[in-house]
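[1] sequence plus predicted model, see below.
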Amino acid sequence: MNNFPIKLLVNTTLLASSLLFFQCKGSGEAESQGVEVAAGTSSGPFIMVSEQQFETMRMTWGSPKLEEFSEGLSVQGMVKVPVEGIQEISAYFGGYVSGLNKLEGEPVRKGEVLFYLENTDYIRLQQDFLEVNSQLNYLQGEYERQKTLFGEKISSQKNYLKAEADFQGTKAKAESLKRQLALININTDQLKPENIRSKVPVLSPISGFVEAIHLVQGSFLPVAGKAMTIISKEHMHIELVIFEKDASHVHKGQKVLVSIPDLPGKVLEAEVFVVGQSINSERQINVHAHLPDEKEEALLFPGMFLEAKLIMDPKEAWVVPVTSVVVSAGLSYVLVQREKTETGFKLEKIAVKTGLESDEMIELLPNEALDENTVILTHGGFNLLP
């Protein structure tokens, strides 16, 4: 056998120096100082590792396992509120703003008064309704009288038709005015001449919080003008951005693990409930997920950015810890224990091909040299290959 390469002699020298250093300082202090232990002597495809080296580098053994395995697809996401949870407050009839005392971010209840609008047009609407409504009883009585007379051939059809037209037209006008007054929160059942008013309340249609205010006290809010934006946090969802190449792997019901950057270590479990059906200009689709535990939604805020991991459908695969696979010269290897010697272990590097990968485990594609009884180095092998 030829002499060892110079590199191997240097590595052996480093190993001897390192071991001497550990004897003086102790393995814990050596690790804190960042001292690396060189690989043991090598003969052909085998690598020799001493017992002391094994313990110092905290190496571990393990075997491939055949089990259900899922890959996690890392994606970006944002907390969104569904359309029904966003309300733009506007005016059906213009008016001057008063009683505005809300702040952005302040919670509001459904039916709560947000502010008041004042306009003389409101007085005219109430007046018109009361006048029209007061005529209805008379016109209804006249219509029924003419109908009876016409049926007995006492009155002409012309009088009957006119009475009917007057009654139905006035009834329609009264109903129209009633609906218009309801839009400005005036109850016509309680409306009387003595309680006609020029100021009407604007009520919150949902419970939530004030996201934005677009007017000030005393300003004139025009018809259909935007006054406030109210957002409800009752049913928020998470919108994920999936690239086109991964779109075919996404479906309803998949599990999503959500991480909040501001809450390290906190992971929320969500579920896909809507998958976008079209690719946008950036070659992406939007996927919507929700939290089954609605109590966890209290941790979320609309517009918050999130990191998420979309869990792919599990499949049966041979898996090992990620640290078992060592990459050298662009190829992947696992180090297999071939012999236990008096001073250490004889390892053989076996080239492998990998598949799916999670945070801790990685799939090994079928390999005749490996099975469930093969003992491989699961931690510490990265220092043994160049």
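    Structure received. Numbers count the residues shown, from 1 in each chain.
[2] show me where pLDDT drops low in the stretch 101-250 of the chain?
    For the stretch 101-250 of the chain, no stretch has pLDDT under 70.
[3] let me know the helix or strand that residue 217 is in.
    For residue 217, there is no enclosing helix or strand under DSSP states H and E.
[4] got the contact list for the most centrally placed residue in the chain?
    Centroid-nearest residue in the chain, with C-alpha atoms, centre = their mean: residue 238, separated by 1.6 Å. When contacts are counted by C-beta atoms under 8 Å, 6 or more residues apart in numbering, residue 238 touches 77-80, 256, 258, 270, 288-291, 300, 306, 308. Quick note: C-beta positions are derived from backbone N, CA and C, even for glycine.
[5] how does it look with 6 Å?
    By C-beta atoms under 6 Å, 6 or more residues apart in numbering, the contact set of residue 238 is 77, 270, 289.
[6] how much space between it and residue 277?
    Computed as C-beta to C-beta, to the nearest Å, the residue 238 to residue 277 distance reads 18 Å.
[7] what of residue 74?
    For residue 74, the distance to residue 277 - C-beta to C-beta - is 23 Å.
[8] those two - which one has more neighbours?
    Under the neighbour definition other C-beta atoms under 10 Å, residue 74 and residue 277 were set side by side, and residue 74 has more, 11 against 8.
[9] so which helix or strand takes in the more buried one?
    strand 72-80.
[10] what's in contact with that strand?
    With C-beta under 6 Å, 6+ apart, strand 72-80 has contacts from 236-241, 246, 300, 302, 304-306, 308-311, 358.
[11] among those, name the ones in strands.
    Counting by DSSP state E, the part of those found in strands is 237, 238, 239, 240, 241, 305, 306, 308, 309, 310, 311.
[12] which one of these is nearest to residue 47?
    residue 309 (35.3 Å; C-beta to C-beta).
[13] what pairs with that closest one across the strands?
    residue 74, residue 257 (DSSP bridges).
[14] my read is that it contacts residue 258, right?
    No: if you go by C-beta atoms under 6 Å, residue 309 and residue 258 don't touch, sitting 8.1 Å apart.
[15] more neighbours: which of the two?
    residue 258 (22 against 18).
[16] would you list the ones in strands among the contacts of strand 72-80 in CSV and tack on distance to residue 170?
    Putting the ones in strands among the contacts of strand 72-80 into CSV (distance: C-beta to C-beta, whole Å) gives the following:
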residue, distance to residue 170
237, 50
238, 55
239, 53
240, 58
241, 59
305, 59
306, 59
308, 62
309, 67
310, 63
311, 66
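[17] which two in those are spaced the farthest apart?
    305 and 311 (20.3 Å).
[18] higher neighbour count, those two?
    residue 311 (17 against 10).
[19] tell me if residue 127 really is in a helix.
    Yes: under DSSP: H, G, I helix; E, B strand; the rest coil, residue 127 sits within a helix.
[20] please name the nearest non-neighbouring residue to it.
    Leaving aside its chain neighbours, residue 127 sits nearest to residue 196 (6.8 Å; criterion: C-beta to C-beta, 6 or more residues apart in numbering).
[21] if we can go back for a sec, if we go by neighbour counts, what in the strand holding residue 74 is buried?
    By neighbour count with 16 or more other C-beta atoms under 10 Å, strand 72-80 contains the buried residues 72, 73, 75, 77, 78, 79, 80.
[22] tell me the pLDDT of the fourth one.
    Residue 77 is assigned a predicted lDDT (pLDDT) of 89.
[23] start the count at 29, not 1, going forward
    OK, 29 is where the count begins now, so the last one is residue 105.
[24] how much space separates it from residue 170?
    Residue 105 is 68 Å from residue 170, by C-beta to C-beta.
[25] ok, residue 398 to residue 92 distance?
    Residue 398 is 6 Å from residue 92, by C-beta to C-beta.
[26] which of the two has more residues huddled nearby?
    Neighbours of residue 398 and residue 92, each counted by other C-beta under 10 Å, are more numerous for residue 92; the result is 21 against 18.
[27] show me what contacts the more buried one?
    346, 348, 392, 398.
[28] in space, what's closest to it - neighbours in sequence excluded?
    residue 346 is the one closest to residue 92 (C-beta to C-beta, 6+ apart), at 4.7 Å.
[29] so what sits opposite the one you found in the bridge?
    Going by DSSP bridges, residue 346 forms beta bridges with residue 94, residue 392.
[30] any idea which residue of this protein is furthest from its center?
    residue 182 (75.6 Å).
[31] that residue belongs to a helix?
    No: assigned with three-state DSSP, residue 182 falls outside any helix and is coil.
[32] mind listing what residue 207 touches?
    With C-beta under 6 Å, 6+ apart, residue 207 has no contacts at all.
[33] I misspoke; the intended subject was residue 348.
    Counted by C-beta under 6 Å, 6+ apart, residue 348 has contacts 92, 392.
[34] format the contacts of residue 266 as JSON lines; extra columns: distance to residue 79.
    Formatted as JSON lines, these follow (distance: C-beta to C-beta, whole Å):
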{"residue": "105", "distance to residue 79": "49"}
{"residue": "298", "distance to residue 79": "48"}
{"residue": "317", "distance to residue 79": "50"}
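[35] closest to residue 165 out of those residues?
    Nearest to residue 165 among these, with distances taken as C-beta to C-beta, is residue 317, at 59.3 Å.
[36] that closest one and residue 106: what is the separation?
    Residue 317 is 11 Å from residue 106, by C-beta to C-beta.
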